[in-house]
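Engineer: okay, here's the prediction I keep looking at, along with the sequence it came from:
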Amino acid sequence: MKKIITFCLSLFLAVAAHAQGVREETNFDHDWLFARYGLQADGSRIDEPASLERPDLDDTGWRSLDLPHDWGIEGPFRPDLEGYTGKLPWRGIGWYRKHFVVPAKESDNRFYLDFDGAMANAEVFINGHKVGDRPYGYISFRVDLTPYLRWGEENVVAVRLNTEKLGSRWYPGAGIYRHVRLVKTAPVHIAQWGVFVTTPKIDPKSATAQVNLWIENHRPANAECSYTVSLYELDENDRPGKRVATSDRHSLNVGSQQTGTDSITLEIPQPRLWSLEEPNRYLARVSVYDGKRLVDLYDTPFGVRTIEFTHDNGFLLNGQRVPINGTCNHHDLGALGAAINEVALRRQLTILKNFGCNALRTSHNPPAPELLTLADKMGFLVMDEAFDCWNHGKKEYDYGSLFAEWHERDLESLVCRDRNHPSIILWSTGNEVEEQYHPETGVARHLTEVVHRYDRTRPVSFGASYPSKSAVNGTELQVDVHGMNYAAGCYGGPHFYGEFLNKEGHEHLSGYSSESSSTMSSRGEYFPRRFHVSSYDLTQPGWGGLPDEEFAALDRYPAICGEFVWTGFDYLGEPTPFNSDNSVLLNYGQNASLKEEERRKLEQIEKDRPTSRSSYFGIVDLAGFPKDRYYLYKARWMPNTPMVHILPHWNFPDRVGQTTPVFVYTSGDEAELFLNGKSLGRKTKQPLEYRLRWDSVVYEPGELKAVTYRDGKLWAETSVKTTGEAVKLKLTADKCTLRADGEDLVFVRVSLIDSEGNEVPTAEPVITSTVEGPGQVVATDNGDPTCLIAFQETTRPAFNGLYLAIVKAKRGERGKLRFRAAADGLESAELEIKVK
Ligand code: GAL
């Protein structure tokens with residue numbers, strides 16, 4: 001049934017909207033209609049009818065849904081589709097329509113639609129008129145509805161997306177997969193992203209905030225505007241607190257159909273700096289007057305902090321050296337696909353924070369704005385990345401085909417949208433671009449300049465592959481800070497690769513590892529089954545390295561600012577080493593022999609037809625369950641937290657009498673390992689050694705125990721036991737109340753326990769989860785990269801002892817939910833969730 005929404009103009013969103021002034025920002029996610037044409041999920045085609053934007057189109061048969069929406073994640077997985085984009089049927093043509101009414105009394109105001117991102121090739125129509133298009137699926141954009149709105153009558157907005165003409169090296173998602181807002185303003189108002197706050201001078205007594213603003217005048221006449229700015233402390237729930245500064249009223253004359261700009265400075269006494277431990281924020285509230293009338297009130301959160309990339313002392317935040325202990329991550333949320341969900345994103349960031357990750361690289365595209373707000377609030381550093389390629393594409397129809405026409409506009413949008421976030425310390429214009437080998441093209445320099453048009457307060461960088469060439473060929477001089485992918489051998493010298501830090505002319509340069517490691521593993525899998533990779537953390541692709549190698553390189557060259565590990569989480573697509581993507585050949589630059597070897601591997605993959613559809617690179621698996629190397633990173637990144645982890649598990653009935661290596665990851669410096677009470681020796685970490693290995697342990701069932709020491713004192717201990725058979729399911733939910741807002745989620749970890757309550761790491765029964773009450777299981781997962789059961793299915797096997805269910809409440813319905821997980825022959829488990 002067609003739904004017509006009349007905007008209740010008192011409903012508005014958090015920080016950016018207030019009761020004074022005209023501005024209101026309304027959530028525009030609900031009650032859209034959707035139809036899919038072109039390629040369908042099963043591979044068939046449906047011809048796209050003409051003029052689906054027509055307001056009088058009969059769309060009664062269309063599917064009704066809420067945004068954010070990703071039609072690709074709905075599956076099914078198809079073995080015939082490429083593994084490198086997740087074996088999901090995301091290619092197609094999607095149409096979205098929404099009917100709404102704007103009251104006649106609003107006809108003096110302006111109405112915009114703000115899209116945080118639409119995948120891809122968006123064309124937007126209102127009442128049949130095209131009001132905008134934006135091909136790059138990761139970029140945020142605004143369309144102006146005002147000229148074609150019918151006041152007091154029904155309006156129809158229609159959006160056409162086309163992912164048939166989209167190339168990607170990972171799962172891109174498909175649809176209006178980020179939020180949409182309806183923005184109402186007076187004819188005179190702050191422009192989109194029209195306030196930029198910098199803090200050019202900071203000392204303990206006071207900080208100078210420079211507030212730059214842009215005011216648009218859509219009236220037919222000149223506007224005698226004026227404005228004031230107040231600064232407030234801002235709490236983590238986005239509530240402004242104490243006012244710390246207020247400006248006088250400033251005048252600004254803005255011509256008809258013009259944008260006027262101005263800038264003022266204010267002093268913040270005793271500024272509370274933004275840092276990783278105390279991510280303090282402020283709010284700049286700009287009040288705009290058209291004549292005497294207050295017409296706009298516009299809020300901009302910002303932070304006060306200094307950043308510096310040095311040549312010989314790494315990265316400094318507020319003058320203190322902070323090693324970048326970062327991870328790269330693609331944008332998907334595992335079983336939820338590309339559709340943004342702030343609760344799921346916060347869970348990801350919390351998991352990263354729990355092992356000491358302090359920095360995020362938004363590889364290789366602009367993130368959802370929620371990621372940056374969470375990073376500001378939770379205390380992460382961010383490298384905000386624009387593109388995966390420049391003019392030279394890596395896939396047909398990727399950004400290479402858009403670059404010439406769109407890169408300046410896209411960079412402008414990215415920087416202007418994001419430049420107030422204190423978490424952002426670097427802009428990245430690209431990743432492993434072909435142009436890095438040709439400094440004479442000057443593309444890197446040009447992009448650096450484009451970014452600096454909009455923000456001079458942060459350095460510009462990109463992630464270079466083959467730093468052995470591009471770190472010394474002059475490309476490195478076209479950016480402010482040089483990012484090096486897989487460059488553990490290039491930082492200093494003497495080394496056959498070159499000497500980034502020591503080269504003449506590099507005295508002012510600072511470098512960091514923009515991508516490191518690419519170690520692969522399947523969680524809990526030690527002697528791997530087909531299409532799995534061992535979790536002993538010793539497997540790397542030809543271009544990659546092991547975590548330990550990067551740690552050693554950084555310890556040798558502490559001037560390097562740190563690393564962004566590939567990757568924090570497993571992601572959909574790119575299932576190297578079972579990846580069929582020919583663009584991996586690009587990773588070898590001009591190295592013909594390695595390319596040839598890789599070509600042979602690719603041919604073998606073609607023959608083997610692996611079912612792999614998600615990556616093996618994560619420190620954490622796709623379901624959010626930590627793999628072993630989570631603890632290797634935790635030991636390094638949280639050195640003062642006592643911690644020890646043993647691998648593998650100790651359930652190997654088939655290995656009795658066989659050599660079964662045991663590794664210990666610890667933040668201690670020594671460990672003693674015991675098998676069934678007998679010492680297997682005490683080992684001390686040697687310089688540049690990060691894991692302790694007992695390679696020749698002979699397996700016998702029982703208990704393995706590790707006792708660790710730091711500076712000779714007891715530090716932490718742990719043990720793993722051979723368990724009995726699984727008899728029962730065990731549930732661990734991340735919370736027990738749920739908001740009925742259609743967004744909140746509960747993540748339930750389901751494990752299997754033996755009669756003594758030990759978790760059985762090898763159990764893989766088929767589990768079904770169900771919900772009674774006002775909610776549903778929206779997705780399940782088990783972290784197995786080869787599993788082709790659609791994520792919406794509630795029945796799937798556990799993988800190495802674990803299963804995940806994601807539960808959502810029905811929008812607007814309250815009460816109690818009973819969640820239940822069951823498996824044949826095992827005692828089931830239940831829990832109650834309150835829906836508020
Ligand atoms: C890098 C590339 C990443 C990813 C990674 C896998 O070369 O920049 O996007 O493909 O390899 O190891």
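Structural biologist: Thanks, I have the structure now.
Engineer: would you pull up the residue in the stretch 101-250 of the chain closest to the ligand?
Structural biologist: When distances are taken as C-beta to the nearest ligand atom, the stretch 101-250 of the chain reaches nearest to the ligand at R169, 6.1 Å away. Quick note: C-beta positions are derived from backbone N, CA and C, even for glycine.
Engineer: got it, and the chain?
Structural biologist: S518 (3.6 Å).
Engineer: helix, strand, or coil at the residue lying closest to that residue once chain neighbours are set aside?
Structural biologist: Distance criterion C-beta to C-beta, 6 or more residues apart in numbering; nearest residue to S518, sequence neighbours excluded, is G544 at 3.2 Å. Following DSSP: H, G, I helix; E, B strand; the rest coil, G544 is assigned to coil.
Engineer: three-state assignment of K601?
Structural biologist: helix.
Engineer: now it: closest residue in space that isn't a chain neighbour?
Structural biologist: P577 (7.4 Å).
Engineer: please report how far that neighbour lies from G562.
Structural biologist: When C-beta to C-beta, to the nearest Å is applied, the distance between P577 and G562 equals 27 Å.
Engineer: for the two, indicate the residue with more neighbours.
Structural biologist: A direct count of neighbours by other C-beta atoms under 10 Å for P577 and G562 places G562 higher, at 22 against 17.
Engineer: about what we covered before: tell me who's in contact with the residue nearest to S518.
Structural biologist: G544 makes contacts with Y486, S517, S518, T519, W566, as judged by C-beta atoms under 8 Å, 6 or more residues apart in numbering.
Engineer: please narrow the residues you listed to those residing in helices.
Structural biologist: Assigned to helices by DSSP state H, none of these qualify.
Engineer: now those residues as TSV including neighbour count?
Structural biologist: Formatted as TSV, those follow (neighbours: other C-beta atoms under 10 Å):
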residue	neighbour count
Y486	29
S517	29
S518	24
T519	28
W566	29
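Engineer: and these, which two are furthest apart?
Structural biologist: Y486 and T519 (11.4 Å; C-beta to C-beta).
Engineer: which residues are in contact with each of these two?
Structural biologist: G544, G545.
Engineer: ok, what's across the strand from I126?
Structural biologist: Listed by DSSP bridges, the beta-bridge partners for I126 are H129, V157.
Engineer: what sits against the residue nearest to D621 when sequence neighbours are not counted?
Structural biologist: Closest residue in space to D621, ignoring its immediate chain neighbours: G783 at 3.4 Å, by C-beta to C-beta, 6+ apart. Listed by C-beta under 8 Å, 6+ apart, the contact partners of G783 are R523, D570, D621, L622, A623, F625, F799, N800, L802, L804.
Engineer: could I get these as a markdown table with secondary structure, distance to I139 and pLDDT?
Structural biologist: As requested, those are exported to a markdown table (DSSP: H, G, I helix; E, B strand; the rest coil; distance: C-beta to C-beta, whole Å; pLDDT from 0 to 100):
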| residue | secondary structure | distance to I139 | pLDDT |
| --- | --- | --- | --- |
| R523 | coil | 34 | 98 |
| D570 | coil | 26 | 98 |
| D621 | coil | 30 | 99 |
| L622 | coil | 26 | 98 |
| A623 | coil | 29 | 98 |
| F625 | coil | 32 | 99 |
| F799 | strand | 36 | 98 |
| N800 | coil | 39 | 98 |
| L802 | strand | 36 | 99 |
| L804 | strand | 31 | 99 |
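Engineer: what about the helices in the protein?
Structural biologist: Using DSSP H, helices in the chain cover 342-354, 369-378, 403-418, 443-454, 467-470, 547-556, 592-608, 629-637.
Engineer: ok, which of those helices comes nearest F819?
Structural biologist: Ranked by C-beta to C-beta, the member of the helices of the chain that lies closest to F819 is helix 342-354, at 16.3 Å.
Engineer: dig out what T327 forms beta bridges with.
Structural biologist: L360, V565.
Engineer: and it, what is it in contact with?
Structural biologist: Contacts of T327 (C-beta under 8 Å, 6+ apart): L352, C357, A359, L360, R361, F564, V565, W566, T567, G568, F569, I619.
Engineer: and this protein, which residues reach the ligand?
Structural biologist: 431-432, 465, 485, 515, 518, 541, 543-544, 566, 574, 576, 587 (C-beta under 6 Å from any ligand atom).
Engineer: determine which residue lies closest to the centroid of this structure.
Structural biologist: H331 (4.2 Å; C-alpha atoms, centre = their mean).
Engineer: might one say that it is in contact with P367?
Structural biologist: Yes. Applying C-beta atoms under 8 Å, one finds H331 in contact with P367, separated by 6.4 Å.
Engineer: need the overlap of contacts for the two.
Structural biologist: Y138.
Engineer: contact partners for the residue nearest to G83 when sequence neighbours are not counted?
Structural biologist: Using C-beta to C-beta, 6+ apart and skipping the chain neighbours, the partner closest in space to G83 is P575 (4.8 Å). By C-beta under 8 Å, 6+ apart, the residues touching P575 are G83, Y84, P610, S612, R613, S614, S615, Y616, P785.
Engineer: at 10 Å instead, please
Structural biologist: Residues counted as contacts of P575 (C-beta atoms under 10 Å, 6 or more residues apart in numbering) are 82-84, 86-87, 520, 531, 533, 581, 605, 610-617, 785-786.
Engineer: remind me which residues of this protein are low pLDDT?
Structural biologist: Filtered on pLDDT under 70, the chain yields the residue ranges 1-20, 493-498, 589-590.
Engineer: buried stuff in stretch 300-314?
Structural biologist: For stretch 300-314, burial by neighbour count (16 or more other C-beta atoms under 10 Å) applies to T300, P301, F302, G303, V304, R305, T306, I307, F309, G314.
Engineer: quick check, N502 in contact with G511.
Structural biologist: No. The criterion here is C-beta atoms under 10 Å, and N502 misses it with G511 at 11.4 Å.
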